[in-house]
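Engineer: Task: produce atomic coordinates for the following.
(2 chains, ligands or ions: 2)
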Amino acid sequence: MGIVSFLTRFFGKDDELSSKNVAKERLRLVLVHDRLDISEKIMENLREDLIATIGKYMEIDQSALEVSLSREEDGVALLANIPIMNVRRTS
Amino acid sequence: MGKVIVITSGKGGVGKTTTTANIGTALAMLDKKVVMVDTDIGLRNLDVVLGLENRIVYDIVDAVRGNCRLNQALIKDKRFGNMYLLPAAQTKDKTAVTEEQMVELCDKLKDEFDFVIIDCPAGIEHGFRNAIAGAEEAIVVTTPEVSAVRDADRIIGLLEAAEVRSPRLIINRIRTNMVQSGDMMSVDDILSILAVELLGIVPDDDAIIISTNRGEPTVMDDASQPGQAYRNIARRLCGEEVPLMTLTAKKNSFFSRLKSLFSGE
Ligand SMILES: Nc1ncnc2c1ncn2[C@@H]1O[C@H](COP(=O)(O)OP(=O)(O)O)[C@@H](O)[C@H]1O
Ligand SMILES: [Mg+2]
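Structural biologist: Ligands and ions are numbered 1, 2, ... in the order given. Got it, this is the predicted structure:
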C-alpha cells in the first residue's frame, strides 16, 4: 500500500473497510435474523408441512429430520436436513 | 388533555434519563405544564439529574398504593413552577407497580399536565411493560453503536406490537469527528437500517456530564450544543417544524487540515 492510499484510508474516505461500514453490515445481518422472530409453533408447523409434502414423493426418516434457520454470509437461510429412506415409484 | 410520552431504548446507558430531564425542562421553558415520571424502580436517577434529590418524601409506589395523595408525591421544581417530578421508589420491589396502576396514574396525570414524560428502565421486562402501559407516544433513544441500534430495533417492534403508535427516534452521543473519518455510523446510516421517523440528534458533549454534576439540565445553558439539540426536540414535540441542527466537529487543526487534504473535502 502506497503512502497516499494508506493516508487516504487512514483519514477515511467512504471505504468498504471503514469500521462504520463493517458496523452497518453486521447490523443489517443481525437484524434480518432478529426480525424473523419465528416462533417454535411456526417452526413446528413448517416441519409437519414439509414432512407431508415431501412424504408424497419420498419416504423420509421423520425422526432425523432437522429444520433450522442459519445466519449465512449474506443473509439468513432456512436449512432442512431431510434423510431419504426410499423413493416412491408408484403414482 | 395532555400527552403521555415514554422515553425508552432497550439498552441501558444510552441516555434515556438525560433525554427525559432535558426534554421535560425544555418543555417547561416553553411554558408547558410538565411532569416527569421515573419508572426505574430500585435505580432512581432522574431526581439527581434534575437536582431534586433532596426534596423527595413520597414516591411512585406510595402514590399508586394510596399511601399518600398523588399531589403529595409530585415534587415541584423551584426554577420552573410548571415542572414536576414523580420519583421512582428506591427501596421497594421492582414489581411493586402493575400495568393497570400505571394506566390509571397516566390518566390522572394527563388531566392535569400538558406533557407526561415517562423515563423507562433498561430491558424489555416488567419495568418496560409498566413504562409503556399508559403511554400513547414513544421516543426511542439510541447511540450510533451496533448494540444500541439493534436493541432500538427490537424495542420498535415491541412498541408496535403493544400499539404505542409510530415511535420516533433520537440519536444521541453523535461524534462528528468520528462520523467524518468513517468510524461512526451517520444519522443516514442509522435511518437506513431502522424504519422509523427521526425526532432529533444530540451530540456527544462534555456539557452533559457537567450539567449532570450540577443537577441542572443542559437545556438551561443557552450556549450548550446538546442543550440546543434538546430545545429543538421540545419545539418539535409542540408541533413546530425545526430543521436538524448541523453538528460541528471539534477542531483539531493539524488533523483536520491533513484530513481535508487527503479526503479532498
Ligand atoms: N450526549 C451525551 N454526551 C455525553 N454524555 C452523555 C450524553 N448522553 C448521555 N451521556 C452520559 O451517559 C450516561 C448514561 O446516560 P443516562 O441518561 O443515565 O442513560 P440511561 O437512562 O439510558 O441509562 C450518563 O453518565 C450521561 O451523563
Ligand atoms: Mg436511566
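
Engineer: List the contacts of B:K32.
Structural biologist: B:N82, B:D114, B:F115, B:C238 (C-beta atoms under 8 Å, 6 or more residues apart in numbering or on different chains). All C-beta spots, glycine's among them, are computed from the backbone N, C-alpha and C.

Engineer: Surely the third one is in contact with B:L237?
Structural biologist: Yes: because the distance of 7.4 Å satisfies C-beta atoms under 8 Å, B:F115 is recorded as touching B:L237.

Engineer: what touches both of the two?
Structural biologist: Residues touching both B:F115 and B:L237 (C-beta under 8 Å, 6+ apart): B:I5, B:L27.

Engineer: Please name the strands paired to the strand ranked longest in chain B in the sheet, noting orientation.
Structural biologist: Ordering each strand of chain B by length in residues (DSSP state E) puts strand B:165-174 first. Strand B:165-174 pairs in its sheet with strand B:137-142 (parallel), strand B:197-203 (parallel), by DSSP bridges.

Engineer: Now render the ones you listed as CSV, adding mean pLDDT and mean neighbour count.
Structural biologist: Listed next are these as CSV, based on pLDDT from 0 to 100; neighbours: other C-beta atoms under 10 Å in any protein chain shown:
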stretch, mean pLDDT, mean neighbour count
strand B:137-142, 98, 24
strand B:197-203, 98, 20
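
Engineer: As JSON lines, those strands with distance to B:L105 would be great.
Structural biologist: Formatted as JSON lines, the strands paired with strand B:165-174 follow (distance: least, C-beta to C-beta, whole Å):
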{"stretch": "strand B:137-142", "distance to B:L105": "17"}
{"stretch": "strand B:197-203", "distance to B:L105": "25"}
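
Engineer: Figure out which of those strands is closest to ligand 2.
Structural biologist: Among those, the nearest to ligand 2 by C-beta to the ion is strand B:137-142 (9.8 Å).

Engineer: Which residues does the closest one contact?
Structural biologist: B:3-9, B:11, B:14-16, B:19, B:23, B:132, B:148-149, B:151-152, B:155-156, B:159, B:164-172, B:190, B:194, B:196, B:199.

Engineer: Show me the strands in the stretch 51-200 of chain B, by range?
Structural biologist: B:75-76, B:83-86, B:115-119, B:137-142, B:165-174, B:197-203 (DSSP state E, counting those that start in this stretch).
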